[in-house]
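S.K.: can't give you the sequence, but here's the structure:
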């Protein structure tokens, strides 16, 4: 199969178009992230202040170190916020285009569903569903290939982790039916 | 030569079928990880870490470090054959590697890349063999203030020397340190930042965060790209290998220069990425014929690959000697040490001789075996790229989930992983560096303990960080590095004031 000078060609039929319009620019995201971090810094700072940021007989109280870290985090976020705010009129780079966002969601949403399914079905059944479903629906790969790959991969994982290495994964009704 | 006899002892530790087998498995997995888009050195190591939980520490570290070597080798394959850097540190390899492949010299380029990787690692391993024991025995005299000063130095050098916007590095680092502090406080036993949640009681595990930040976010980022590729398939014949090796002595200056750059940037937190670019640029600048770079010159492959590997390997030096990782991957290995019940730091060399010297010996052996392995199996690994990403992506997600769950057997960690995946995606896109975050997360508790112990020892007097020559100079150096950009600029301005008429070499 691998002869010299043979070209390897792989196509990407669902590639995001290059001229897709931007959903949001980096400036807007940076401002949002700075605000979130600032809020986080305030919350954590307040919590640590409550825990105690002073000195007692044994040295600094538990909140001392994280409190000053919250201050640093808050300061840096504030700086970032101001810098980005001042630049807001300048043209901003694209954070993500619509086509890109669609593709990112095409992998993020299944991952989210996989995490949810894992709670009820156990890791292995959820993995099987994720791999088979993703290959078929997103990758448009033939059903038999998708099912076979998903089954093999899940089986190998099960044998490697649960049987060979004794790393116990969450299980659901199917494994229970087989007595695992 | 005490180091030499200890090294021989290390080889003796390695010579069991089990460890040699794990080494091969690690190398193959590593090359996979390096070749596949959406997986890199740090996340490969992070995802596969759970496999090693039930192993003894020596087998575990040998396998994990071999994954790392494999990933370093694997990155070069896709850069040269497909013009797609499998890893950020192999971007510079594409400049001359891909043109070589287009001219039908793919085999030469690959041989050059693998050989120079091998040379780079070898130089760095030699450095580790002889320098690490010395540094660690020196560090045995360290007390809490010295350790805190060294941690401070690490953090400050990230801020001062990093190429990202300073406030973003600071954000990343402070966030990492804060997250490391969540949960039970080790000194007083009080709860911090848990907000009444029983899940946060355990704290946020470092590895869960890393799997999310590097594994999940990398998948999201990869999906944004157009994943079509065209490339050359190549197999390497013995004749080509020998031809390239015969010419090696001609390039000794380049190889040596890149090795030094790599070692230096590996120990300081510059990293393999910076090292590969610097190696390439310097080779170009010192070349008699700089225009020929970028058009398929073999030196342009030698220079970045040597530097990247030297740096990737040298990053383990501070981790072994001081318990301070020099790179993201080293930070994850350090997290592994803690999982296996070892206490990273200078005492490792005293208390766990088998472990340390086994690891160092495995660096020699792993690189030799890795070199032979990649030279013989390139066509197989190149054809992995035929596997569509739609099949690879869900498998990586599943591996990430297994890894994240296995660490503490907690379902909550799966959600944390997902959350960190989104955070990593956003941070990478707006230029907040993740390496300082990783480092802060793994060192956070140790840095805080060192700080509090020194404060308790001194009765709260900050002067303890200048109480003797050693700790004083480390602390001062840390502060200088923190303000390095300011100092550098000030000197630049002063220099221009005194020599206004002479243009600097950069401007000429």
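M.R.: Received it, and whenever you're ready, just let me know what you need. From a predicted model like this one, the values you see are computed outputs, not experimental measurements.
S.K.: Find me whatever residue is spatially closest to residue B:418, sequence neighbours aside.
M.R.: residue A:115 (5.7 Å; CB to CB, 6 or more residues apart in numbering or on different chains). Yep, even glycine has a C-beta here, placed from its N, CA and C like the rest.
S.K.: any idea which helix or strand carries that neighbour?
M.R.: helix A:98-133 (DSSP states H and E).
S.K.: Report all helices and strands that the following helix or strand past that helix contacts.
M.R.: Per DSSP H and E, helix A:98-133 leads on to helix A:143-157 as the next helix or strand towards the C-terminus. On a contact count with 3 or more CB pairs under 8 Å, 6 or more residues apart in numbering or on different chains; DSSP states H and E, helix A:143-157 meets helix A:98-133, helix B:389-408.
S.K.: Lowest average pLDDT across those?
M.R.: Note on these: lowest mean pLDDT is at helix B:389-408, with a mean of 86.
S.K.: next structured bit after it?
M.R.: Taking DSSP H and E, what comes next after helix B:389-408 is helix B:411-429.
S.K.: Quick check: buried residues in stretch B:453-466?
M.R.: B:453-455, B:458, B:464-465 (16 or more other CB atoms under 10 Å in any protein chain shown).
S.K.: if we can go back for a sec, of the helices and strands packed on helix A:143-157, which is nearest residue B:33?
M.R.: helix B:389-408 (9.7 Å; CB to CB).
S.K.: and the helix or strand where residue B:451 lies, does that touch chain A?
M.R.: Assigned by DSSP H and E, residue B:451 belongs to helix B:435-458. Yes. Using CB under 8 Å from any CB of the partner chain, helix B:435-458 comes into contact with chain A via B:448, B:451-452, B:455-456.
S.K.: Distance check, the residue of chain A found nearest chain B against residue B:342.
M.R.: Taking CB to the nearest CB, chain B has its nearest neighbour within chain A at residue A:139, 2.3 Å off. Relative to residue B:342, residue A:139 is positioned 42 Å away (CB to CB, to the nearest Å).
S.K.: quick one on the thing from earlier: wait, the residue of chain A closest to chain B sits on residue B:390?
M.R.: Yes. Here residue A:139 lies in contact with residue B:390, judged by CB atoms under 8 Å, at a distance of 2.3 Å.
S.K.: ok, back up a step: going by neighbour count, which residues in the helix holding residue B:451 are buried?
M.R.: B:435-455, B:458.
S.K.: what about the chain, any weak spots by pLDDT?
M.R.: As the question left the chain open, I've gone with chain A. For chain A, residues meeting the criterion pLDDT under 70 lie at A:1-8, A:10-11, A:13-14, A:58.
S.K.: wrong chain, I was asking about chain B
M.R.: In chain B, residues with pLDDT under 70: B:1, B:37-40, B:86-87, B:227-228, B:233-234, B:269-271, B:499-508.
S.K.: Just want the residue of it that's nearest chain A.
M.R.: For chain B, CB to the nearest CB, closest residue to chain A: residue B:390, 2.3 Å.
S.K.: thought that residue was touching residue A:135?
M.R.: Yes. Using CB under 8 Å, residue B:390 is in contact with residue A:135, at 5.4 Å.
S.K.: so what's in contact with those two at the same time?
M.R.: residue A:141 (CB atoms under 8 Å, 6 or more residues apart in numbering or on different chains).
S.K.: Can you give the contact residues for stretch A:80-89?
M.R.: Under CB under 8 Å, 6+ apart, the answer for stretch A:80-89 is A:27, A:30-31, A:34-35, A:37-38, B:165, B:167-168, B:171.
S.K.: Next, count neighbours for residue B:249.
M.R.: By the criterion of other CB atoms under 10 Å in any protein chain shown, residue B:249 has 8 neighbours.
S.K.: if we can go back for a sec, could you dump the helices and strands packed on helix A:143-157 to JSON lines with distance to residue B:380 and mean neighbour count?
M.R.: JSON lines is the format used below for the helices and strands packed on helix A:143-157 (distance: least, CB to CB, whole Å; neighbours: other CB atoms under 10 Å in any protein chain shown):
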{"stretch": "helix A:98-133", "distance to residue B:380": "23", "mean neighbour count": "19"}
{"stretch": "helix B:389-408", "distance to residue B:380": "16", "mean neighbour count": "24"}
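S.K.: Select, out of those helices, the one closest to residue B:84.
M.R.: When the helices and strands packed on helix A:143-157 are ranked by proximity to residue B:84 (CB to CB), helix B:389-408 comes first, at 11.8 Å.
S.K.: Next, the contact list for residue A:136, please.
M.R.: Contacts of residue A:136 (CB under 8 Å, 6+ apart): A:143, A:146.
S.K.: Sorry, wrong one. I was asking about residue B:356.
M.R.: B:10, B:320, B:348-349.
S.K.: Apply 6 Å and report the result again.
M.R.: B:348-349 (CB atoms under 6 Å, 6 or more residues apart in numbering or on different chains).
S.K.: Can you tell me, leaving aside adjacent residues, what's nearest to residue A:79?
M.R.: Leaving aside its sequence neighbours, residue A:79 is closest to residue B:167 (4.7 Å, by CB to CB, 6+ apart).
S.K.: element containing the one you found, please.
M.R.: In the assignment (DSSP H and E), residue B:167 maps to helix B:166-181.
S.K.: okay, the angle between that helix and helix B:435-458?
M.R.: 60 degrees (axes from the mean of the first three to the mean of the last three CA atoms, to 10 degrees).
S.K.: packing partners for helix B:166-181?
M.R.: Contact partners of helix B:166-181 among helices and strands, from 3 or more CB pairs under 6 Å, 6 or more residues apart in numbering or on different chains; DSSP states H and E: helix A:64-86, helix B:144-161, helix B:435-458.
S.K.: ok, 8 Å please
M.R.: Helix B:166-181 packs on helix A:26-51, helix A:64-86, helix B:144-161, helix B:435-458, going by 3+ CB pairs under 8 Å, 6+ apart.
S.K.: follow-up on the earlier one: mind checking which of the helices and strands packed on helix A:143-157 is nearest residue B:111?
M.R.: helix B:389-408 (27.3 Å).
S.K.: mind listing what's buried in the one helix or strand residue B:376 maps to?
M.R.: Remark: residue B:376 resides in helix B:353-382, with elements defined by DSSP H and E. Neighbour-count burial for helix B:353-382 flags B:355-367, B:369-371, B:373-375, B:378-379, B:381-382 (criterion: 16+ other CB under 10 Å).
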